[in-house]
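Novice: what follows is a predicted protein model with its sequence.
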Amino acid sequence: MGLAVWLQWLASLGRWMESHTLAHLPFYRAVKLAARALIGTASEEIFFGGILHNQDGSEELVYIIEEFQDGRMAILVPFAPASFTGSAKIVDATRVTRLEAGAGEISNFIAHWGVGTAEALEVPLKE
């Protein structure tokens, strides 16, 4: 019983310290959310995987960061193999298809230069 109370107190102290120090640093929230999405510690997905449909007919794996009420969304178009670096863009939501794959899975596909993407798209590979 004493250990449970001690751990609860430590967790409360950690949350207090975070809210009064780290939370005020630029980019802290974004880095924290990205880390939680990658390692899957969030109780629900924070970032979602998606496919950006470009006007030239090409498609790109993206992370859906935020969805706006006006029909647009903020996305990150990642660079391979460093999956959490890339261009942040605001695009019309109709140009993005949301995938069932979470950020961790998408990150894995990008880190391996697209290997495994067919599985996420539920499309068989050409033999």
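Specialist: Great, that's in hand.
Novice: give the helix, strand or coil label for Asp70.
Specialist: coil (DSSP: H, G, I helix; E, B strand; the rest coil).
Novice: quick check: phi and psi on it?
Specialist: Here is the backbone geometry of Asp70 (degrees, to the nearest 10): phi -90, psi 10.
Novice: which residues does it contact?
Specialist: By C-beta atoms under 8 Å, 6 or more residues apart in numbering, no residues touch Asp70. (Glycine included, C-beta is placed from N, CA and C.)
Novice: against Ala23, how distant is it?
Specialist: 28 Å (C-beta to C-beta, to the nearest Å).
Novice: and Leu99, by the same measure?
Specialist: The value you get for Leu99 to Ala23, if C-beta to C-beta is used, is 30 Å.
Novice: these two: which is more packed in?
Specialist: With neighbours defined as other C-beta atoms under 10 Å, Leu99 and Ala23 compare such that Leu99 has more, 20 against 12.
Novice: would you map the strands across the chain?
Specialist: 48-53, 59-67, 72-78, 86-92, 96-102 (DSSP state E).
Novice: can I get those in TSV with distance to Ala120 and mean pLDDT?
Specialist: Converted to TSV, these look like this (distance: least, C-beta to C-beta, whole Å; pLDDT from 0 to 100):
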stretch	distance to Ala120	mean pLDDT
strand 48-53	7	90
strand 59-67	8	90
strand 72-78	14	94
strand 86-92	18	94
strand 96-102	4	86
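Novice: pLDDT weak spots in the protein?
Specialist: Judged by pLDDT under 70, the chain has its weakly predicted residues at 1, 5, 26-46.
Novice: so what sits opposite Ser87 in the bridge?
Specialist: For Ser87, the beta-bridge partners are Val77 (DSSP bridges).
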